[in-house]
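Asker: model the structure of this input:
(chains A, B, C and D)
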Number of protein chains: 2
Amino acid sequence: MLNAARDQFWTTGYAGTSMDAIAEATGLGKGSLYGAFGGKRELFHRVFDDHCNATIGLAKRQLSGADEQAFERLAAYLLGHATACAERRQHGCLVAKATAELTEHDEVVSARSRVTFENVQLALTADIEACQRNGDIDPAADAQQLAGLLLTVHRGIEALGKAGIDESTLRGITETALTCLPRPPR
Amino acid sequence: MLNAARDQFWTTGYAGTSMDAIAEATGLGKGSLYGAFGGKRELFHRVFDDHCNATIGLAKRQLSGADEQAFERLAAYLLGHATACAERRQHGCLVAKATAELTEHDEVVSARSRVTFENVQLALTADIEACQRNGDIDPAADAQQLAGLLLTVHRGIEALGKAGIDESTLRGITETALTCLPRPPR
DNA sequence: AGGATTATGGACGATGTAGTCAAGAACACC
DNA sequence: GGTGTTCTTGACTACATCGTCCATAATCCT
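Answerer: Numbering: from 1, shown residues only, chains lettered A, B, ... in the order given. As a prediction, the model looks like this:
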């Protein structure tokens, strides 16, 4: 139900989506929608919140585990994202799309996306620290800074994918980023 | 004139901007707008095209010059962007905003933004090659790959800036990226 | 089962929006 | 100065959209 609304917002954006379209997509009457959520804005906030939580959950799940596979997980997370960006060609990520469209005028969206990014960065930081313990990354490096960089790369890949850059290029960039990470002094 | 239209699209997005709003912003009658451009879509394409060209021109200008200052220029370009993203808080870049909103449904926008990114990457590649000649970056590294990575970082900083991440964080990430670039073997 | 309460859904009103058009202004050219 | 041509304009049409409302269906509680 909420997923249908989310997909509608996802494909046509906030301003480009009418409540009639959502009513049709969800199969609900318009009165029900207004009764249940209050209005378009509130409905979107609800959908957006759920999606942000899902995004955070996915990152935490994909990036946690034993130290031995920490680097593997990191690579899989970023490379998987590169492939996903290229596959659902130009559909992109709802967080990015909503942030681009609404952040300027909607403090709720702005704050929520900021929190989402911070949480993804936390998950990345934890995984990088695991990499450091396992000797895959220089323990002298600042894990949080590296996590910030990888989060930035993650968002950048998203942006490039939306422009239609092909998969192999996106994966190549990701691999370059992984290669650039500081190795421990042998 | 076109700038007023651009600013209107920039702040309220494509779907969120009415032709009446543009007419008011530009001071032109609606009939004139339709007469001169054909319609909302075409007007936007025109505005978007101009802006993309400006973006490419800016990158080329900021990134070209003598080999000796190539690395300096690279740092200034990226750090300047980080600061700009934080300052015009959440206003962001029109290319990113339009790409996020329209790329899925408008092949013209999609193609134009792809070309824009490719040209910025070309400018970055040229500057990185200059860095290599000057001994600031490992000549064995693939300049194009590094340029792709830095373009990605550039776009990622944009995305994070839109979420409201503060300037010092954005600059820190940018500096981390610059630090991670492969140095020539001494 | 039966009444009370709540959820539902589509018709409705008011407003917004894309695009048209005919009347008038500005201009170029002789 | 006069005439033909192009530009400009804002009222206008047809339709989309937000949010409301109420008759009806479903659900709950005893």
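Asker: and the helices in chain A?
Answerer: A:2-12, A:19-26, A:30-37, A:40-63, A:70-87, A:94-102, A:107-133, A:143-162, A:167-180 (DSSP state H).
Asker: how about the ones you listed in TSV, adding distance to DNA strand C and mean neighbour count?
Answerer: To be clear about C-beta, it is placed using only N, CA and C from the backbone, and glycine gets the same treatment. As requested, the helices of chain A are arranged in TSV below (distance: least, C-beta to the nearest atom of the strand, whole Å; neighbours: other C-beta atoms under 10 Å in any protein chain shown):
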stretch	distance to DNA strand C	mean neighbour count
helix A:2-12	12	18
helix A:19-26	7	16
helix A:30-37	2	14
helix A:40-63	13	17
helix A:70-87	30	19
helix A:94-102	15	25
helix A:107-133	19	20
helix A:143-162	23	25
helix A:167-180	34	19
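Asker: need the residues of chain A near DNA strand D, please.
Answerer: Selection of chain A residues close to DNA strand D by C-beta under 7 Å from any atom of the strand yields A:17-21, A:30-31, A:34, A:39-41.
Asker: from the residues you listed, which is closest to chain B?
Answerer: Minimum distance to chain B across the residues of chain A next to DNA strand D is 8.6 Å, recorded for A:Thr17 (C-beta to the nearest C-beta).
Asker: can you give me phi and psi for the closest one?
Answerer: phi -110, psi 130 (degrees, to the nearest 10).
Asker: burial of it, as a residue count?
Answerer: 20 (other C-beta atoms under 10 Å in any protein chain shown).
Asker: A:Pro182: how many residues sit nearby?
Answerer: A:Pro182: 16 surrounding residues under other C-beta under 10 Å.
Asker: which one is it nearest to, not counting chain neighbours?
Answerer: Among residues not flanking A:Pro182 along the chain, A:Asp138 sits closest, at 4.0 Å (C-beta to C-beta, 6 or more residues apart in numbering or on different chains).
Asker: grab the most central residue of chain A for me.
Answerer: Of all residues in chain A, the one closest to the mean position by C-alpha atoms, centre = their mean is A:Thr55, 5.6 Å from it.
Asker: against A:Val109, how distant is A:His45?
Answerer: The gap separating A:His45 from A:Val109 is 7 Å, by C-beta to C-beta, to the nearest Å.
Asker: and A:Lys97, by the same measure?
Answerer: 11 Å.
Asker: contact partners of the least confident helix or strand in chain A by mean pLDDT?
Answerer: In chain A, the helix or strand scored least confidently by mean pLDDT, DSSP states H and E is helix A:30-37, which has a mean of 90. With contact meaning C-beta atoms under 8 Å, 6 or more residues apart in numbering or on different chains, helix A:30-37 is reached by A:19-20, A:22-23, A:26, A:43, A:46.
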